[in-house]
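In: everything below, folded, please.
(one chain, ligands or ions: 2)
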Amino acid sequence: MANLLVKNIGVLATAKGSSARKGPEQGDVALLKDAWVLCRDGVIAEVGTGTVPAGYEADAEVIDAAGRLVTPGLVDAHTHLIFGGWRQNELGLKLHGKTYLEIQNAGGGIQSTTNATRQATEEELTEKAARALDEMLRFGATTCEAKSGYGLATEHELKALQVIQNLNDRHAMDIVPTFMGAHLVPKEYKDDRAAYIRLVCEEMMPLVAKQGIAKYCDVFCEADTFTVEESRQVLEAGKKYGLIPKIHADEIEAIGGSQLAGEIGAVSAEHLIVCPPEGIASMAKGGVIACLLPATSFNLGATFAPARDMVNAGVPVAMATDFNPGSCPCLNLQFVINLGCLKYKLTPEEVLTAVTLNGAAAIGMADKVGTVEAGKQADLVIWDAPDLDYICYRVGSNLADIVIKKGNIVAKNH
Ligand code: NIG
Ligand code: FE
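Out: Ligands and ions are numbered 1, 2, ... in the order given. Below is the predicted model of the structure:
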């Protein structure tokens, strides 16, 4: 593989290290002026400033960043990538005042996407998700997480995880798989919740583990969805099968999900829109990463998670899209960056760490991606922007220009 030299970088903005950054370190981002990055065999070989050493240009493909901003490829640490259909029909219901849980309880929401996902073939789901991944790359994300959770039956949960594995093999995006059989109790188990949880823990999990098609286990701990005790049961069972716990917590009602996250040592708790102080304390104690999803707050017309309180309490904050057909039909991490500053009031540096290194740490990828440092994968975004503030402040345009994955250009937008 040829060498790649990205030169004439106006500002190289990157966090540093291979683990999540918390507290004051959340905003500890290097802003290197007049920088260059040499990549060899898809890996960052050297990062420097000032004059490029003689000879480096001669045996490399050279990209002139023209004095613009370069960051690590973004990491989208929370997506529900695999689903059939869409749910634009719910927009009118929302506009007429129906809440997310009302729509869900009336058979819409996750259940209606489950019906569509069960009907879709593996090929159809693969093609649809591949298009979404292409779009994510164009917006600057080079690594993502993807959950199952719209199959809610053994065959269809395995099908979704198989699709993720196929895509990880064939698509430029690095994709980390999460098993989320406990996304909702499907309608056929409505009168026997315990039987569905047994199916998840005793039938689905052993097969998922045997096939090696998921790294994490997630559960939707929420009013009318899975209780704290049911969530604990699912995540403890997942641990026995080597699946690392994650949890959707405090998205709509604070029923105790964030406290549970800290107690069981989840790698991350997600959403946390209405996270109470006890939840923040529990996560800080348990070393849990808060994976915040502000575009979901935006779409639900909800409040925004107490991100500053989390940073102050020493909880590392990651941010992701939550891409899904219901609560967040958005693939654009740049919009998440805007909301991180405008709604969470995090600084551009804190937000950059959230969508790169801390996102990578939330999906076990921080040793490979999330910073621009020698030894990491050569995943870079050259932005149509002069500095980091600019991409946080401009709203609604795609400012990613050249997106590089493992040393190869995978998107060129301008
Ligand atoms: O993260 N909250 C649970 N799951 C998704 C929404 C799923 C859906 O509405 O289809 C979320 O918001
Ligand atoms: Fe989600």
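In: roughly how far apart are the residue nearest to Ile280 when sequence neighbours are not counted and Glu251?
Out: Counting by CB to CB, 6 or more residues apart in numbering, Ala313 is the residue found nearest to Ile280 once chain neighbours are left out, at 4.9 Å. For every residue, glycine as well, the C-beta is placed using N, CA and C. From Ala313 over to Glu251 the distance is 20 Å, taken as CB to CB, to the nearest Å.
In: these two: which has the busier surroundings?
Out: In this comparison of Ala313 against Glu251, neighbours counted by other CB atoms under 10 Å, the higher total goes to Glu251 at 28 against 17.
In: on the three-state scheme, the more buried one is what?
Out: Judged by DSSP: H, G, I helix; E, B strand; the rest coil, the three-state class of Glu251 is coil.
In: residues in contact with whatever residue of the chain ends up closest to ligand 1?
Out: Checking the chain residue by residue against ligand 1 with CB to the nearest ligand atom singles out Gly326 as nearest, at 2.3 Å. With CB atoms under 8 Å, 6 or more residues apart in numbering as the criterion, the residues that contact Gly326 are Arg87, Glu90, Tyr100, Gly109, Ile110, Thr113.
In: the first one: what's it in contact with?
Out: Put plainly, it is Arg87. Neighbours of Arg87 in contact, by CB under 8 Å, 6+ apart: Gly108, Gly109, Ser112, Thr113, Pro325, Gly326, Pro329.
In: for the nearest residue to the third one once chain neighbours are set aside, what are phi and psi?
Out: I take that to be Ser112. Of all residues not flanking Ser112 in the chain, Arg87 sits nearest, at 6.5 Å (CB to CB, 6+ apart). Recorded main-chain torsions at Arg87 are phi -140, psi 40, according to degrees, to the nearest 10.
In: so what pLDDT did Arg87 get?
Out: We have a pLDDT of 97 for Arg87.
In: make residue 1 into 15 and carry on from there
Out: In the new numbering, first residue 15, that becomes Arg101.
In: how near is it to Asp393?
Out: Spatial separation of Arg101 from Asp393 under the definition CB to CB is 32 Å.
In: same thing with Ile124?
Out: 32 Å.
In: ok, Asp238 - contacts?
Out: For Asp238, the contacting residues are Leu115, Gln118, Asn119, by CB under 8 Å, 6+ apart.
In: and with 6 Å instead?
Out: Contact partners of Asp238, counting by CB atoms under 6 Å, 6 or more residues apart in numbering, are Leu115.
In: also the one 10 residues further on?
Out: Taking CB under 6 Å, 6+ apart, we find Val248 in contact with Ala196, Val233.
In: distance check, it against Lys260.
Out: 11 Å.
In: and what of Gly87?
Out: Relative to Lys260, Gly87 is positioned 22 Å away (criterion: CB to CB).
In: so those two - more neighbours on which side?
Out: Shown here are Gly87 and Lys260; by other CB under 10 Å, Lys260 has more neighbours (31 against 28).
In: tell me the helices and strands packed up against the helix or strand hosting the more buried one.
Out: Assignment of secondary structure by DSSP states H and E places Lys260 within strand 258-263. Secondary-structure packing of strand 258-263 (3 or more CB pairs under 6 Å, 6 or more residues apart in numbering; DSSP states H and E): strand 230-233, helix 271-278, strand 282-285.
In: do that strand and ligand 1 meet at all?
Out: Yes - applying CB under 6 Å from any ligand atom, one finds strand 258-263 touching ligand 1 at His262.
In: quick one: residues in contact with that strand.
Out: Where contact means CB under 6 Å, 6+ apart, the residues beyond strand 258-263 that reach it are 230-235, 249, 271-272, 275, 278, 280-285.
In: the same query, at a cut-off of 7 Å, please.
Out: Contacts to strand 258-263, defined as CB atoms under 7 Å, 6 or more residues apart in numbering, come from residues 192, 229-236, 245, 249, 252-253, 271-272, 274-275, 278, 280-286.
In: generate a PyMOL selection restricted to the buried entries among those.
Out: The command below creates a PyMOL selection of those among the contacts of strand 258-263 that count as buried (16 or more other CB atoms under 10 Å):
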select buried, resi 192+229+230+231+232+233+234+235+236+245+249+252+271+272+274+275+278+280+281+282+283+284+285+286
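In: tell me how many other residues surround Pro290.
Out: When counting by other CB under 10 Å, one arrives at 15 neighbours for Pro290.
In: burial check on Ile416, number of neighbours?
Out: Around Ile416 there are 21 residues (other CB under 10 Å).
In: does it have beta-bridge partners, and which?
Out: Ile416 has the following beta-bridge partners by DSSP bridges: Ile396, Lys426.
In: got the confidence number for it?
Out: Model confidence at Ile416, expressed as pLDDT, equals 98.
In: test my guess that it contacts Asp398.
Out: No - using CB atoms under 7 Å, Ile416 is not in contact with Asp398; the gap is 9.2 Å.
In: who touches the worst-scoring helix or strand of the chain on mean pLDDT?
Out: Taking mean pLDDT, DSSP states H and E as the measure, the helices and strands of the chain show their lowest mean at helix 114-119, namely a mean of 93. Contact with helix 114-119 is made by Glu104, Leu107, Gly123, Ile124, Ala237, Asp238, Ile266, Leu314, Ser341, as judged by CB under 7 Å, 6+ apart.
In: with stretch 127-141 instead?
Out: Against stretch 127-141 from outside (CB under 7 Å, 6+ apart): 96-99, 101, 164-167, 170, 173-174, 176-177, 180-181, 200, 339-340.
In: hmm, 6 Å instead?
Out: For stretch 127-141, the external contacting residues (CB under 6 Å, 6+ apart) are Ile96, Phe97, Gly98, Gly99, Tyr164, Gly165, Leu166, His170, Lys173, Val177, Asn180, Pro339.
In: likewise stretch 296-309?
Out: Contacts of stretch 296-309 from elsewhere in the structure, counted by CB under 6 Å, 6+ apart, are 34, 91-92, 272-273, 275-276, 279-280, 282-286, 318-319, 321, 324, 327-336, 342, 344, 349-350, 353, 357, 376.
In: can you pull the buried residues of it?
Out: Of the residues in stretch 296-309, Ser296, Met297, Ala298, Gly300, Val302, Ile303, Ala304, Cys305, Leu306, Leu307, Pro308, Ala309 count as buried by neighbour count, 16+ other CB under 10 Å.
In: among those, which are located in helices?
Out: Using DSSP state H, the subset of the buried residues of stretch 296-309 located in helices is Ser296, Met297, Ala298, Gly300, Pro308, Ala309.
In: great, nothing more from me.
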